[in-house]
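J.: curious how this folds, go ahead:
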Amino acid sequence: LKRRRRKKNNGPVLIFPGKYGVEQVQNELLQDADSLNLEIKSLADISSTTSTTTTTTSNNKTATQVYVIGDKFARGLDIPNIQSVYILSPPSSAAGYTHLAGRTGRNGMEGVAVTLLSKFSDVRKYVGVLEGLG
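T.: Just a heads-up that it's a prediction; the model follows:
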């Protein structure tokens, strides 16, 4: 997220926390939200995202909206202008990966999906998922 801020990429970010859980990831992000100029959002905030993708904070900087959402809510999820998706645990299937990563780059826009792996067993699992994509 720090690198995104340096590049002036202020589009909304979507994080799927996987095994780490929504609450834990939100709490970690909230600790640095002010210094990184982030606005942490949840599933309940999605209905109000019809046109607003940035928020101006009290220091007149544009805050990046960060949505932390459980993996099971990925299917059919459409938040406008998502430019980055972070997957914090490898999905168990190619279809699962497609649903998570497919939340970015919609409607002809560019986007990037980043999957973080913390253990070698996660790497093996992820390779299997990628092989399922063909």
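J.: drop to CA atoms for contacts and neighbour counts, all remaining ones
T.: Will do.
J.: helix or strand right after the lowest-mean-pLDDT helix or strand in the chain?
T.: None of the helices or strands of the chain scores lower by mean pLDDT, DSSP states H and E than strand 54-56, at a mean of 43. Next in sequence after strand 54-56, counting helices and strands by DSSP states H and E, comes strand 62-68.
J.: now do stretch 77-86: distance to the chain's middle.
T.: Distance of stretch 77-86 from its chain centroid, counting by Cα atoms, centre = their mean, to the nearest Å, is 7 Å.
J.: pLDDT averaged over that stretch - what is it?
T.: For stretch 77-86, mean pLDDT rounds to 87.
J.: what does stretch 38-45 give?
T.: Stretch 38-45 comes out at a mean pLDDT of 84.
J.: got the CA coordinates for that stretch in PDB?
T.: Taking Å, rounded to 0.1, in the frame of the first residue of the first chain, the C-alpha atoms of stretch 38-45 are listed here in PDB:
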ATOM      1  CA  LEU A  38      -6.200   5.200   4.200                       C
ATOM      2  CA  GLU A  39      -9.900   5.100   4.700                       C
ATOM      3  CA  ILE A  40     -10.700   1.500   5.900                       C
ATOM      4  CA  LYS A  41     -14.100   0.200   4.700                       C
ATOM      5  CA  SER A  42     -16.100  -3.000   5.200                       C
ATOM      6  CA  LEU A  43     -18.800  -4.900   3.400                       C
ATOM      7  CA  ALA A  44     -21.400  -2.700   5.000                       C
ATOM      8  CA  ASP A  45     -19.900   0.300   3.200                       C
END
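J.: list the buried residues for it?
T.: L38, E39, I40, K41 (16 or more other Cα atoms under 10 Å).
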